[in-house]
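Peer 1: this one's sequence-less:
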């Protein structure tokens, strides 16, 4: 092997690593975008929409936590559910003013994604999620009632990838 071959191998390896990073970044951003759009629409017609008027009735407003636990139980009775070919919604949780969606990216491990996504890429995705929570009609119930919405992502082996939390106060901020 000569010096030129070594340089081409290193260049090829660098290109391969760059492509792998790009593919995983694109994959996770696609999965996150689909999840933040599909899940609210999926459950809004079946579970949330029929209950919103009931929840917002003055006699019911004092016990939003009980209604959110009921929503959680209704949603969980339909889960786990595949959202797309890469993403499964496993469960939802409600506690202490936060409604949490827990997802698994079924074809990748956390180790396949986390090292390849920059802080800036995570920030862009977090801003997109915040904008969707703050502007999606199906999620306005959470914002109006001061309930944070949290998206918890894990890899195929259950290891945490990233959590995005949108506090209602963030909806008053400029994007």
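Peer 2: Structure received. Everything quoted here is computed from the prediction, not taken from an experiment. Residues are numbered from 1 along each chain as shown.

Peer 1: Residue 102 and residue 135, how far apart?
Peer 2: Look at residue 102 and residue 135: by CB to CB, to the nearest Å, they are 23 Å apart. Bear in mind the C-beta positions are built from the backbone N, C-alpha and C, glycine included.

Peer 1: Give me the more crowded residue out of the two.
Peer 2: When neighbours are counted by other CB atoms under 10 Å, residue 102 and residue 135 differ, and residue 102 comes out ahead with 18 against 12.

Peer 1: Tell me where the model's unsure across this structure.
Peer 2: Within the chain, the segments meeting pLDDT under 70 span 1-62, 174-175.

Peer 1: Show me where it has its helices.
Peer 2: Counting by DSSP state H, the chain has helices at residues 3-43, 49-56, 58-61, 64-76, 110-113, 119-135, 140-144.

Peer 1: Just list what the fourth one packs against, helices and strands only.
Peer 2: Using 3 or more CB pairs under 8 Å, 6 or more residues apart in numbering; DSSP states H and E as the contact criterion, the secondary-structure elements in contact with helix 64-76 are helix 49-56, strand 87-95, strand 98-105.

Peer 1: Now do the buried residues in the second one.
Peer 2: Applying a neighbour-count criterion of 16 or more other CB atoms under 10 Å, the buried positions in strand 87-95 are 87-90, 92, 94.

Peer 1: tell me which of the residues you listed is nearest to residue 154?
Peer 2: Relative to residue 154, the closest of the buried residues of strand 87-95 is residue 90; by CB to CB it sits at 8.4 Å.

Peer 1: Residue 165 versus that closest one, what's the distance?
Peer 2: Counting by CB to CB, the gap from residue 90 to residue 165 is 18 Å.
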